[in-house]
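Undergrad: missing the sequence, but the structure's below:
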């Protein structure tokens, strides 16, 4: 069975459409006006081996919060839809990711309940792009908003911790890569549990 989903989220603040294939090869073709977010989505897909296509638009004249958070919400909805009843998946995953001087860890459980712990140790200073368009910069404080949106709609527990690091770029990228690897493990089919709901409750 193909594990794919298409999700459209349109509000007065954002207009986002995403197509997700959980069993892809790491392709990311998302039209996103925020360069750093586009970079993080590409890293997430590559390390998770997810295919993602779509378009992202939002009220960047206000700030980046709505667009980044709603992207996380939409991506989480796509994961929930693609996983369905979650039969036969491993359910939980963990990864520890080094990124030069930065080290981040992610632990995830697709157990049907939403919870985010994020200790990212970021400075709060935006990353500055040298493009003429200010949209090329990234408000680092929206990183947690992205993952809060994701966990809420994917209905998973996600713990993200930056253990050390100097560069906010490296810290955030390590978090996205660690999350990708942890999620990849969690949603992967378990050959010993084919067709089974991975819970003693019998439902997730």
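TA: The structure has been received and is ready for your questions. Just so we're clear, the structure is a prediction, and the values are computed from it rather than from any experiment. Numbering: from 1, shown residues only.

Undergrad: which residues of the protein fall in helices?
TA: For the chain, the helices defined by DSSP state H cover 35-48, 65-83, 142-154, 168-187.

Undergrad: quick one: closest of these to residue 161.
TA: Comparing these by their distance to residue 161 (C-beta to C-beta), the top pick is helix 168-187, with 8.6 Å. Yep, even glycine has a C-beta here, placed from its N, CA and C like the rest.

Undergrad: average pLDDT across that closest one?
TA: Computed over helix 168-187, the mean pLDDT rounds to 98.

Undergrad: tell me what it is packed against?
TA: With contacts defined as 3 or more C-beta pairs under 8 Å, 6 or more residues apart in numbering; DSSP states H and E, the secondary structure elements packing on helix 168-187 are helix 35-48, helix 65-83, strand 92-99, strand 102-109, helix 142-154, strand 157-164.

Undergrad: so can I have a markdown table of these showing mean neighbour count, mean pLDDT and distance to residue 124?
TA: Putting the helices and strands packed on helix 168-187 into a markdown table (neighbours: other C-beta atoms under 10 Å; pLDDT from 0 to 100; distance: least, C-beta to C-beta, whole Å) gives the following:
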| stretch | mean neighbour count | mean pLDDT | distance to residue 124 |
| --- | --- | --- | --- |
| helix 35-48 | 21 | 97 | 15 |
| helix 65-83 | 23 | 98 | 13 |
| strand 92-99 | 18 | 98 | 19 |
| strand 102-109 | 22 | 98 | 16 |
| helix 142-154 | 23 | 98 | 10 |
| strand 157-164 | 19 | 98 | 13 |
